[in-house]
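Novice: this is a predicted model, with the sequence first.
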Amino acid sequence: MRKRVTSVRSRISLRLGDERGVALVLALVIMGVLTITVASVATFTTSNENHSARDRDVARALGAAEAGLNNGLAVLTQQDSTGTQPIGATLATTSFTIDGGSGTYSATKNSGLEWTISATGTSPNGRVTRMLELKLDGTQSTQSTQQSPVYGYGFFVNATSGCTTIAGNSPVQVSVFVRNDLCLTGNAAITQPGITSNTLTVYVGGRYTATANPTVAANTQKVANFTAVNGCQRQNSNVICSTSAQSKVYSTVYSSTPSSVTKPTTDAAAVYASGDWHNPVCSVGSFVFDGDTTLNGSLGSVDLLQSNARPSFDCTVWNQSGTTQIGRLAWDVTTKVLTISGTILLDGGLTFSGQSSARYTGFGSIYANGSVGTSGQAAICGPPAIPNGSSCTGNWDPAQGALTIVALNGWSMSGQSEFNVIAFVNGAFSATGGAVVTGPAIADTATLSGNGKFATVTTVPPGTPGAASSVTTTTWKVLPGSWRQLLTGL
Amino acid sequence: MAMSILAIAISAQLAVFASSYASIGRASMKGTAVSLADKQMESYRTLPYSCVYLTSASGDSAYSGDSAYSASQVIGSSCSPYTTPATSVTTASQTVTGPDNRSYRVDTYIVSTTPTGGRALKQVTVVVRRVANGVVGSVLARQSSTFDQALQ
């Protein structure tokens, strides 16, 4: 038994002492180790590559998301430029692409002047998405423009050469401002109304010339101020203005100091661009404001009331995007009432044929792209006055309603008629016979004969050139510290 | 037999090592390129809107051949009342040395773009290219974003 055990031990010792085949085992072991090393290196390299690629994708996704925020800023500052959109208003999710990447942006208004913009950006391969958010903060400033001082005069002439002639027997009883010479002929006169004194101002930018027997005010009812920059002349003789006995000018104060007041400018193109005049929205009847889509006088001349026979209409003109009402004009043939609000433009001249007799309500302006005129008996009466043939019964109160008619190419009235309106005229204003414009007449040149009867208006209606305006500007800036990156699944 | 197996294994390992070395080198360069593009883009984020411009839009064929190139880029020379920006942000094409001491070409494109219903924006695209032995090579990294006036 012991012998057998010894034999087994010696065989094992022999086997263990034999090194044949060891190299193969070692080679296999080393290969295994190398395989593990290679696999590790490959894994590390692949991981490094993936991380590097992801870094690039992250950067591009972040750039796209930033672009989304900026796109949102660019859109919001336009669409809510006045800051008037209501709280809770939204900017719908909008997609965009940028340099191979893509993204979306959207926004919600949190408060009166604060928007929150959210944006996502995705890398070109779609593997990485980033989400950003920031707040847009608005600040408002208001710039007010005073009403032009020309409306403090009942009769204003802007020409700096030639002579503004006033003839006839009825006195002009409003403040007068002419930048050129003022020529009074015959028995023409500028007088204080009623029993008042010292309420009117007369300004002559050139020379005051009186032929025949005209007067300015009276010794018992003087005007407050009389200015003639180039002096006075009466019956072909130079006279001293302040020597009333010679000049027949009675004023409390005399002056020769020039004034810088000028007639406001009109911007017909801007008025035309402000509304979709070719497509009014009419709730009653119809009315054509523009014959085509160009400011070109396409309507020729518009007889607004057609001797009171025009069918009723009630039409509103909106801006080009249909979001803001520009003006409304309505006519009721039964009640003979014209209703105006805002600004109205007619791509043509404006006439009032004989027997056109109406009263109006509201505050507004009518731009006539042509001349304005009437040759027959017509009356346009402001509240509370009511028409009575070719005149108005009662006194117009501009605080209850006022209408400005802007004639872009002259204004001519003759015959018996009375208009309780403000006449703003580019070109010549002419009122002869019994024609009366009760509101201020503002023109480049003017000729008056007959019943010169004007009134001043404290506040002119909207749309009138030189009307008081208040413009509120909203400036949008990114709220500091509001930028943040949101968690995403990728 | 064992030697053959070892030779094959070691050769394969060397090949993998060489490949890995090259791959890691490329990844490193791309990482550096991303950093350079980031740095350039961040520079524009510090500028007032009116100061985001190039002094010249011209460049070599690599510059003008990029998809971001436009003949009508935003060109300027000053942005009063602000301080004129550094040349590094107004130069269309420049070669810079990265933190790894390698050379890179940083090309910048600035064009005006307007989203629907919005106001004009400036779109800045930065492209970083490899430079080897003075020769401009492939694109390593690129970034693009837009800038609105409300940011400054």
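Specialist: On my side now, so go ahead.

Novice: correct me, but B:S28 touches B:D100?
Specialist: Yes - shown here, B:S28 and B:D100 form a contact pair, counting by CB atoms under 8 Å, at 6.4 Å. Yep, even glycine has a C-beta here, placed from its N, CA and C like the rest.

Novice: if you count what's nearby, which of the two comes out ahead?
Specialist: Legend: neighbour count by other CB atoms under 10 Å in any protein chain shown for B:S28 and B:D100, higher for B:S28 (15 against 12).

Novice: for the top helix by length along chain B, packing partners?
Specialist: Here the longest helix in chain B is taken by residue count, with DSSP state H as the criterion, and it is helix B:2-45. Here helix B:2-45 is seen to pack against helix A:22-79, helix B:87-90, strand B:103-113, strand B:121-132, strand B:135-147 when contacts are counted using 3 or more CB pairs under 8 Å, 6 or more residues apart in numbering or on different chains; DSSP states H and E.

Novice: what angle separates the fourth one from helix B:2-45?
Specialist: Taking axes from the mean of the first three to the mean of the last three CA atoms, to 10 degrees, one finds that strand B:121-132 is oriented at 150 degrees with respect to helix B:2-45.

Novice: likewise for the first one?
Specialist: What separates the directions of helix A:22-79 and helix B:2-45 is an angle of 20 degrees, with the same axes, to 10 degrees.

Novice: if you average pLDDT over helix A:22-79, what comes out?
Specialist: Averaged across helix A:22-79, pLDDT comes to 87.

Novice: and the next element down the chain from it?
Specialist: Next in sequence after helix A:22-79, counting helices and strands by DSSP states H and E, comes strand A:90-98.

Novice: show me the strands paired with the next helix or strand after that following strand, marking each as parallel or antiparallel.
Specialist: Sequence-wise, the next helix or strand beyond strand A:90-98 is strand A:101-111, with elements assigned using DSSP H and E. Paired with strand A:101-111 in the same sheet, following DSSP bridges, are strand A:90-98 (antiparallel), strand A:114-122 (antiparallel).

Novice: and those strands as TSV, adding mean neighbour count and mean pLDDT?
Specialist: Compiled in TSV, the strands paired with strand A:101-111 are given as follows (neighbours: other CB atoms under 10 Å in any protein chain shown; pLDDT from 0 to 100):
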stretch	mean neighbour count	mean pLDDT
strand A:90-98	15	94
strand A:114-122	23	94
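
Novice: which of the ones you listed sits closest to B:T108?
Specialist: Minimum separation from B:T108 across these (CB to CB) falls at strand A:90-98, 15.3 Å.

Novice: for the helix or strand following the longest helix of chain B, packing partners?
Specialist: Moving toward the C-terminus from helix B:2-45, the next helix or strand (DSSP H and E) is helix B:61-64. For helix B:61-64, the packing partners by 3+ CB pairs under 8 Å, 6+ apart come out as strand B:103-113.

Novice: same thing but at 10 Å, please
Specialist: In terms of contact count using 3 or more CB pairs under 10 Å, 6 or more residues apart in numbering or on different chains; DSSP states H and E, helix B:61-64 is assigned the packing partners strand B:93-97, strand B:103-113, strand B:121-132, strand B:135-147.

Novice: can I get the last one as CSV, trimmed to CA atoms?
Specialist: Looking back up the chat, that one is strand B:135-147. Extracted as CSV, the C-alpha positions of strand B:135-147 are listed here (Å, rounded to 0.1, in the frame of the first residue of the first chain):
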residue,chain,number,x,y,z
VAL,B,135,-3.0,74.1,-44.4
VAL,B,136,-6.6,74.6,-43.4
GLY,B,137,-8.2,71.3,-42.9
SER,B,138,-11.6,70.0,-41.9
VAL,B,139,-14.2,71.6,-39.7
LEU,B,140,-13.7,70.5,-36.1
ALA,B,141,-16.5,72.5,-34.4
ARG,B,142,-19.2,75.0,-35.3
GLN,B,143,-21.8,77.0,-33.4
SER,B,144,-24.6,79.3,-34.4
SER,B,145,-26.9,81.6,-32.6
THR,B,146,-28.8,84.8,-33.0
PHE,B,147,-28.7,88.2,-31.3
